[in-house]
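> Structural data only, the sequence is not supplied:
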C-alpha cells in the first residue's frame, strides 16, 4: 500500500542520521506513556462520535504502533512485515469456523467460547501453556478494565453468579464490611477495593460496560458542575465558600439541566 510505505519512509527519515533529534532518541520505554495517552484520546473520539477527531487520533495510534515495530526492527527482533504476517496467521487459526472446516457458529457467545478453546490449543502448540487462564490479562490495564476482564475469564469456566440479584446482595455485604473497616480504621483500602470489584461484577451481570458507565457519569458530573459554575458566574459569586446548603441548591438546579 503506497500510503503505508510512505508513512514508514517518513518514520525512518525521522529516525535517520539527519532526522529529528526527538524521534531519534525515543525508546520502547519512552514511547509507552505517550502511546497510552494516544489510545485514550482515540477512545474519546469514539465516545464523542467525532469523525474528524477519530480519524486524527486513529492516525496517531497507528503511527505509534509503526514506531514500536520500527524500534523492534532496529533492535534486530522483527519488522512490521513479520508483525502483520503473525497477526494474520493468528486470526485465521483462531477462526476455524470461518477459514477452516469447523462448524459455523451462530452466536457471539459461541464465538467467544471457541476463541478461548482455540487459544488454549495455540498455547499447547507453543509448549507454553499458561499456569492460569488469568495469566493473559495484562497487569498494566487500568484497574476497572482489568477487573472486568479477569471476571469474564473466570465466567467462561463457570465461576460466576447466575443472576444479578446474587451479585447485588454481595455488593451490600461488601459495603457492610467497608463500614466496619471505616469504624475500626483498619483495612479500608482493601474493603473499598472489594466493593468496587463486586460492582464491576454487577455491571457485567446487568449487561453494562462498567468503564463506559463510569465515563458517562464522569461526563454528567462535569456538565453539572460546569453548570453550577455558570450560575455562580452569572450571579457574580465566587465558586468557593458556598457552604453545604448553597452547594445542595446549586446541585439540584444542575441536575434539572443535566438529568
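Thanks, I have it. Being a predicted model, the structure only gives us computed values, none of them experimental.
> which of the residues in the helix or strand hosting residue 181 are buried?
Assignment of secondary structure by DSSP states H and E places residue 181 within helix 164-184. Judged by neighbour count using 16 or more other CB atoms under 10 Å, the buried positions of helix 164-184 are 167, 168, 170, 171, 174, 175, 178, 181. C-beta coordinates here come from the backbone N, C-alpha and C atoms, glycine included.
> Let me know the closest of those to residue 2.
Each of the buried residues of helix 164-184 was checked against residue 2 using CB to CB; the closest is residue 167, at 52.3 Å.
> so what's the closest residue to the closest one other than its chain neighbours up against?
Excluding its sequence neighbours, the residue lying closest to residue 167 (CB to CB, 6 or more residues apart in numbering) is residue 202, at 4.4 Å. Contact analysis of residue 202 by CB atoms under 8 Å, 6 or more residues apart in numbering lists 164, 167, 168, 171.
> tell me the least confident of these?
Across the contacts of residue 202, the member with the lowest pLDDT is residue 164, scoring 93.
> Could you check how far that one is from residue 95?
Distance, residue 164 to residue 95, using CB to CB, to the nearest Å: 32 Å.
> And the average pLDDT for the helix or strand where residue 234 lies is what?
Element membership for residue 234 (DSSP H and E) is helix 210-235. Rounded to a whole number, the mean pLDDT of helix 210-235 is 93.
> The helix or strand following it - contacts with which helices or strands?
Using DSSP H and E, the next helix or strand after helix 210-235 towards the C-terminus is helix 243-257. The elements that helix 243-257 packs onto, with contact taken as 3 or more CB pairs under 8 Å, 6 or more residues apart in numbering; DSSP states H and E, are helix 210-235.
> I'd like to know which elements the helix it packs on is packed against.
When contacts are defined as 3+ CB pairs under 8 Å, 6+ apart, helix 210-235 sits against helix 143-155, helix 188-205, helix 243-257.
> Just send the ones you listed back as JSON lines, with distance to residue 62 too.
Supplementary listing: these in JSON lines, determined by distance: least, CB to CB, whole Å:
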{"stretch": "helix 143-155", "distance to residue 62": "22"}
{"stretch": "helix 188-205", "distance to residue 62": "30"}
{"stretch": "helix 243-257", "distance to residue 62": "39"}
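> Now residue 161. Nearest residue, chain neighbours left out?
By the measure of CB to CB, 6+ apart, the closest residue to residue 161 outside its immediate chain neighbours is residue 167, 4.8 Å from it.
> Repeat that for residue 247.
Counting by CB to CB, 6+ apart, residue 228 is the residue found nearest to residue 247 once chain neighbours are left out, at 7.9 Å.
> That neighbour against residue 251, yeah?
Yes - under the contact definition of CB atoms under 8 Å, residue 228 touches residue 251, with a separation of 6.9 Å.
> The two: which has the busier surroundings?
For residue 228 versus residue 251, the count of surrounding residues by other CB atoms under 10 Å is larger for residue 228: 20 against 14.
> quick one: low-confidence parts of the stretch 1-150 of the chain?
The model of the stretch 1-150 of the chain has pLDDT under 70 over residues 102-106, 111-112, 114-130.
> So residue 72 sits against residue 86, correct?
No - at 11.9 Å, residue 72 does not count as touching residue 86 under the criterion of CB under 8 Å.
> With neighbour numbers in mind, choose between the two.
Just comparing residue 72 and residue 86: by other CB under 10 Å the higher neighbour count belongs to residue 72, 16 against 11.
> In contact with the more buried one, which residues?
Residue 72 touches 78, 79, counting by CB under 8 Å, 6+ apart.
> cutoff 7 Å now
residue 78 (CB atoms under 7 Å, 6 or more residues apart in numbering).
> Leaving out the residues flanking it, which one is nearest to the residue nearest to the spatial centre of the chain?
Most central in the chain under CA atoms, centre = their mean is residue 145, positioned 5.3 Å from the mean C-alpha point. Distances taken as CB to CB, 6+ apart place residue 211 nearest to residue 145, at 5.5 Å, with adjacent residues excluded.
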